[in-house]
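Colleague: Sequence and predicted structure are below.
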Amino acid sequence: IYSKMAYLALPLFLLAVATLSGSPPVAAAAGLRELFANKGSSGGATCAGCTVVVGLAEQLTQVYNVSVSEAMSLLCGFLPSPFREGCRLLVDEYGPAVIELLEGKATPDIVCMGIKLCTKEKGDDVCHLFPLPSGTPKSREEVNGRVECAIKTAAYSRKRAFQFPDLCNVSIIKPICKLIERFGNDHLPLEDFDGDDFSNVHTFRGTSWRGKDCNDFDANVYPGRHTTDDAVFDSNCNGIYGVDPATGKTYESLWCEGTGQMGIALLGDSAGAHFHIPPTWLTSKNLSVEAFQDLLFVLENEFDWPMLSSTTGYKNSTWPKSISGPVDSGYLRLRKLNRCIHRDYQNIGVNGARSSAMADRIVKSFSRHGTKDSPVLLTFALIGNDVCNGHHDMDHMTTPEEFYANNLRTFQYVDPLVAPGSKLIAMGLADGRVLYDTLHNRIHPIGSLRNDVTYTQFYDYLNCLEISPCFGWMNSNETWRNRTTERAMQLNAALRDLVANNTFKNMKAHYFDPPIKLGFKRWEERGGEPWQLIEPVDGFHPNQISNAINSEIMWELLQNYTDFIPPTNPYNLLIEKRFGDQGGY
């Protein structure tokens, strides 16, 4: 629900939520309305969700040697409550049709056409994820004719137009929808009693995204605040407070003041937020109760993992069934230099963010006070969405002039919020041609049981439905891939010009190309293969390994700009000895 790719990982219950009419409350709440601006064709996201779920149910019949009815029961049983109950409601509604169609040897795509969750107008191309019915058609006309024939013979194809219930009006679900509405649009913590934009709850834009508030009933207490007066309590939440008996001075003034402490923040998109759908969710052989044990946590964090990301990662994964791999980040490296910045991180990464949305509203969730807080190392990274969307044209791509103007507005908004001495990393767009070049002939997780769905098929399917997160790069057409890169490079030139021709009062800016290309090269030098750096489910984002390598490379690049890297705090060992883990996270 939270992104264009989310429907691919969700079971029947969440698929229902995806079909809410108008602006889905959950999607709008997550601030991702722009991802659904193009609702697609032939059933769009609803069709894709149906096809994936029916496909998994059909595969489970082979994995466990059970009937279709038993497979659907298994699938629902894997889910935690209340999703299990929601799934069973939908099985009651759709089950008889799905059972009859699958037992009649219909493919998952045909099933979803038969129950009208996928549509096809006469003469339109057939959008199919899985192989079509047996036999190789010789022409597009034969493909279309065969599918139309299969739909007509499906027992349920003309009997009833099924409708999903409005689940946000279901009593057990309504509170969840209302809660998500409250935090999603502004990208601020859901639970924030003192209104300082920091929380002590992990999810819903809480401590997974920005440092833990150590007193959520005092708006003058929050991470990143510059202070020397923490004699009795900790007002900047870095775990350092009290008075040194030998000098009578606070530990904050003795060990932090004048050490060059600098927090870190990101203004970015889903790559910066570290979007990740567990591949086990789409791998029928691995489906289990354990596979979905983190489902609620994943939903509450919008399918993002900022606590493991290249900019604000601060811990190793404790979700082995959902995500694994090394963690390295700008925050961890800055904290190693100066333990006084403990908890001073903010990840304002939003799935689907592009320069216009960033300037108009997303940047307003960045929380900093120029006269009260420490300087910050701010990474601005919108690496794809200004050229990526589901539209089959270039008209919906940002122009260089728009990109320049949007980003200038963002930087001018941020400048007075940050303390003097802050730094801005202005990162350009990636060259997304690496996606198709790397993955096109590999098998997607949804096809892993029979090796029958490649990434080329996956990309073309999303494009056929007009719901791809990036039509230009996730495309078997080389011309489109090249045209998209050409526009991306034009936008990078505009961002370079912006940085070169503008100065800011409180922050120094420098342009950087994304480290992704260098990361691929380094990974191959270490014996790895390029496909191991891309998220397997969406085939679009940098994965956990890539995040760690990108952090490593960015830190090396920053060494060439010595004023971007603060000095090492000579009191780090004393801080560690006195305050240990400084209260953790």
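Modeller: Yes, it's here.
Colleague: Buried residues in stretch 218-237, which are they?
Modeller: In terms of neighbour count (16 or more other Cβ atoms under 10 Å), stretch 218-237 has its buried residues at Val221, Tyr222, Pro223, Gly224, Arg225, His226, Thr227, Asp230, Asp234, Ser235, Asn236, Cys237. All C-beta atoms are positioned from the backbone trio N, CA, C, and that covers glycine.
Colleague: what's the closest of those to Trp305?
Modeller: Closest approach to Trp305 among the buried residues of stretch 218-237 (Cβ to Cβ): Pro223, at 19.7 Å.
Colleague: burial count for the closest residue to that closest one other than its chain neighbours?
Modeller: What sits nearest to Pro223 in space, not counting adjacent residues and going by Cβ to Cβ, 6 or more residues apart in numbering, is Gly211, at 3.1 Å. As a burial measure, the neighbour count of Gly211 was computed by other Cβ atoms under 10 Å and equals 25.
Colleague: List the contacts of Gly211.
Modeller: Taking Cβ atoms under 8 Å, 6 or more residues apart in numbering as the contact definition, Gly211 lies against Phe198, Tyr222, Pro223, Gly224, Cys237, Arg343, Asp344, Tyr345, Gln346, Tyr585.
Colleague: Kindly present the residues you listed as CSV, with separate columns for distance to Trp281.
Modeller: Supplementary listing: the contacts of Gly211 in CSV, determined by distance: Cβ to Cβ, whole Å:
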residue, distance to Trp281
Phe198, 31
Tyr222, 36
Pro223, 33
Gly224, 36
Cys237, 35
Arg343, 32
Asp344, 34
Tyr345, 28
Gln346, 29
Tyr585, 26
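Colleague: So Leu424 lies in a strand, does it not?
Modeller: Yes. The assignment for Leu424 is a strand, going by DSSP: H, G, I helix; E, B strand; the rest coil.
Colleague: Show me the helices in the stretch 351-500 of the chain, by range?
Modeller: Chain-ordered helices for the stretch 351-500 of the chain, with DSSP state H, counting those that start in this stretch as the definition, fall at 355-360, 400-414, 433-439, 455-465, 478-501.
Colleague: Now do the same for the shortest one: mean pLDDT, whole number.
Modeller: The average of the pLDDT scores along helix 355-360 is 98.
Colleague: Just give me how far that helix sits from the chain centre.
Modeller: Per Cα atoms, centre = their mean, to the nearest Å, the displacement of helix 355-360 from the mean C-alpha position of its chain is 17 Å.
Colleague: which SSE is Ile264 in?
Modeller: Secondary structure assignment for Ile264, by DSSP states H and E: strand 263-268.
Colleague: Tell me the helices and strands packed up against that strand.
Modeller: Other elements packing on strand 263-268 under the criterion 3 or more Cβ pairs under 8 Å, 6 or more residues apart in numbering; DSSP states H and E are helix 330-337, strand 345-349, strand 376-381.
Colleague: To Phe297, which of those lies closest?
Modeller: strand 345-349 (16.1 Å).
Colleague: and the angle from that closest one to strand 263-268?
Modeller: Strand 345-349 and strand 263-268 meet at an angle of 0 degrees, taking axes from the mean of the first three to the mean of the last three Cα atoms, to 10 degrees as the criterion.
Colleague: Looks like Leu129 contacts Ala48 (just checking).
Modeller: Yes. The criterion here is Cβ atoms under 8 Å, and Leu129 meets it with Ala48 at 7.5 Å.
Colleague: residues bridging contact with these two, i.e. touching both?
Modeller: Tyr461.
Colleague: any idea whether Leu518 is helix, strand or coil?
Modeller: Classification of Leu518 by three-state DSSP places it in helix.
Colleague: Backbone torsions only: list them for the residue nearest to it when sequence neighbours are not counted.
Modeller: Closest residue to Leu518 apart from its sequence neighbours, by Cβ to Cβ, 6+ apart: Ile553 at 5.1 Å. Its backbone dihedrals place Ile553 at phi -70, psi -40, with angles given as degrees, to the nearest 10.
Colleague: Does Ile553 touch Gly519 like I think?
Modeller: Yes. The pair Ile553 and Gly519 passes the contact test of Cβ under 8 Å, sitting 5.8 Å apart.
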